[in-house]
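# Sequence first, then the predicted structure, then my questions.
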Amino acid sequence: MKKHILSLAVVAAIATPLSQVQAAGFQLAEYSATGLGRAFAGEAAMADNAAAQARNPAMLTYLEGRQLSLGGIYVMPNVDVEGDVTLASPVLGPQPVTMNADALDVAGDALVPNFYYSNQLNEQWTWGLAVNSNYGLATEVPSTHPTAIFGKETSVTTVEFNPNLAYKVSEAVSVGAGLRIVYGEGKIGASTPAWVDGIKAIPTLPAEVAAALPPGGTSLKSMEGDDIGYGWQLGASWQINPAHRIGLAYHSGVELELDGHASGLIYNGGQDVAIEGYMPLELPAFAELASYHQLTDNWAMHASVNWTQWSVFDELVAYFPGEQKPVGGLESDLVKVENFKDNWRFALGTSYQLSDKWLVRGGVALDKTAVEDEYRTITIPDSDRLWFSAGAGYQASKNLTLDFAVTYIKAHGDAPINETMNLMNLAQVSFNGEAGGDVWLVGAQLSYKM
């Protein structure tokens, strides 16, 4: 069994939207700075450069010769989870004890890079390679924070490799297909909040109970590691006439069975041992229907409807087949009940050719949440999001194009969080609050015709 931790699944499930509120669940939308400038509207029907294959491999047939495109999007999230932790226990008296548990600016800045290459073999066939990321996050609170018992540290980094092949069936129709190869690594940690030390210090607390409670900052669960999964993608385009085009693309789910080890007080009882385990996880399939409309010589409009099959993400279960079992001899552990639902995204964008050198872009989008209010937790404070994007392209030379974009994303609507857990049958721990925040995205893309 590979020596990988049960991390990618747990990390992705437990804390992604804290740092990546650009798309629902733990999905990233930032595949290129070119598309960012129009809020990724019309992507499956557009072929600005080699990055087009990331959304629809069929669009490779619109690219002449050999082309290279690379860039990055810098993500600057400002995500806050504000609320209170309440402790209810006979040892604390008849009235519950409530304390502030605001977690402010829990997500750090991050760079999402990309690389694309296309090669036209002849009038019908074109192949390409895409390297980007479709999932990622990083969040952290202090190890003694009041909410650390729900999750202290989480991170996930993924890289997706897509070899693609496209065929021009006729002047009007193109098709394409590709292989999804997803590598991911991640980490998760939960620890004892400082308020546990306050409980331990209560004079009337039985000595054996006080001894069983871990001091503040103690690692309760820790998981980290990596894995690789595979999937596929299909795309098609229909050139209705020279001014109007429709694109359709589907990306399959990617099934991961994450072999690894789990540690921490809850699993190993404080012993220096690692416990073998694995966790099945299916990264959801997603699809896009897009259109492109050249309304005048200089002005175009484009739109997209995106769907993601988040309903496959209903729960996370860890299994322990090895000889070394967790405390209590567990064969499996229900890590998290998620009950996600499929989500939709709607985007409308425009582009205008100012001159031979300059093209400007703009777009708006509504990205619907994948979580119902009753299932939202501190570690998944997902909500609806509104996108506002602007960008520009500069034709530096006959073969070189530079694209720049900026996007502001605002959480839209209420995102209440009500979560409860039991502390050693000693106290009922509850969090009641709400998540909110915004994100700035700034990107640049360099595209070259070789």
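Received it, and whenever you're ready, just let me know what you need. Residues are numbered from 1 along each chain as shown.
# use CA for all of it now, contacts and neighbours both
OK.
# buried sites along stretch 137-146?
The neighbour-count check on stretch 137-146 (16 or more other Cα atoms under 10 Å) flags 137-146 as buried.
# end-to-end on that stretch?
22 Å (Cα to Cα, to the nearest Å).
# Rounded mean pLDDT for it, please.
Averaged across stretch 137-146, the pLDDT comes to 85.
# what do you get for stretch 358-371?
94.
# Outside of it itself, list whatever touches it.
23-25, 37-41, 310, 339-354, 382-395 (Cα atoms under 8 Å, 6 or more residues apart in numbering).
# Now a PyMOL select for only the buried ones of these.
The buried residues among the contacts of stretch 358-371 can be selected in PyMOL (16+ other Cα under 10 Å) with this line:
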select buried, resi 23+24+25+37+38+39+40+41+310+339+340+341+342+343+344+345+346+347+348+349+350+351+352+353+382+383+384+385+386+387+388+389+390+391+392+393+394+395
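# how about the CA coordinates for stretch 112-132, as CSV?
Presented in CSV, the C-alpha positions along stretch 112-132 are these (Å, rounded to 0.1, in the frame of the first residue of the first chain):
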residue,chain,number,x,y,z
VAL,A,112,-2.3,29.5,-9.9
PRO,A,113,0.0,29.0,-12.9
ASN,A,114,-0.8,27.4,-16.3
PHE,A,115,0.9,26.1,-19.5
TYR,A,116,-0.5,25.2,-22.9
TYR,A,117,0.9,24.0,-26.2
SER,A,118,-0.9,23.2,-29.5
ASN,A,119,0.4,21.8,-32.8
GLN,A,120,-1.6,21.7,-36.0
LEU,A,121,-0.6,18.5,-37.9
ASN,A,122,-2.7,19.2,-41.0
GLU,A,123,-6.0,20.7,-42.1
GLN,A,124,-8.0,18.2,-40.0
TRP,A,125,-5.9,17.2,-37.0
THR,A,126,-4.4,19.2,-34.1
TRP,A,127,-3.0,18.0,-30.8
GLY,A,128,-2.2,19.8,-27.6
LEU,A,129,-1.0,19.6,-24.1
ALA,A,130,-2.6,21.5,-21.1
VAL,A,131,-1.1,21.8,-17.6
ASN,A,132,-3.1,23.6,-15.0
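# Same question for that stretch: list its buried residues.
112-120, 125-132.
# if you look at the residues you listed, which of them are in helices?
Among these, no member falls in helices (DSSP state H).
# Now do the helices in this protein.
Using DSSP H, helices in the chain cover 7-19, 33-36, 195-200, 207-212, 265-268.
# Comparing the ones you listed by mean pLDDT, which bottoms out?
Minimum mean pLDDT among those: helix 7-19, a mean of 33.
# Pull the number of nearby residues for residue 338.
By other Cα atoms under 10 Å, the residues close to residue 338 number 20.
# Contact partners for it?
Per Cα under 8 Å, 6+ apart, neighbours of residue 338: 13, 313-316, 375.
# How about residue 295?
243, 301.
# can you tell me which of the buried residues of stretch 137-146 lies nearest to residue 51?
Among the buried residues of stretch 137-146, residue 137 lies closest to residue 51 (Cα to Cα), at 22.4 Å.
# Wait, the closest one touches residue 155, no?
Yes: if you go by Cα atoms under 8 Å, residue 137 and residue 155 touch, sitting 5.3 Å apart.
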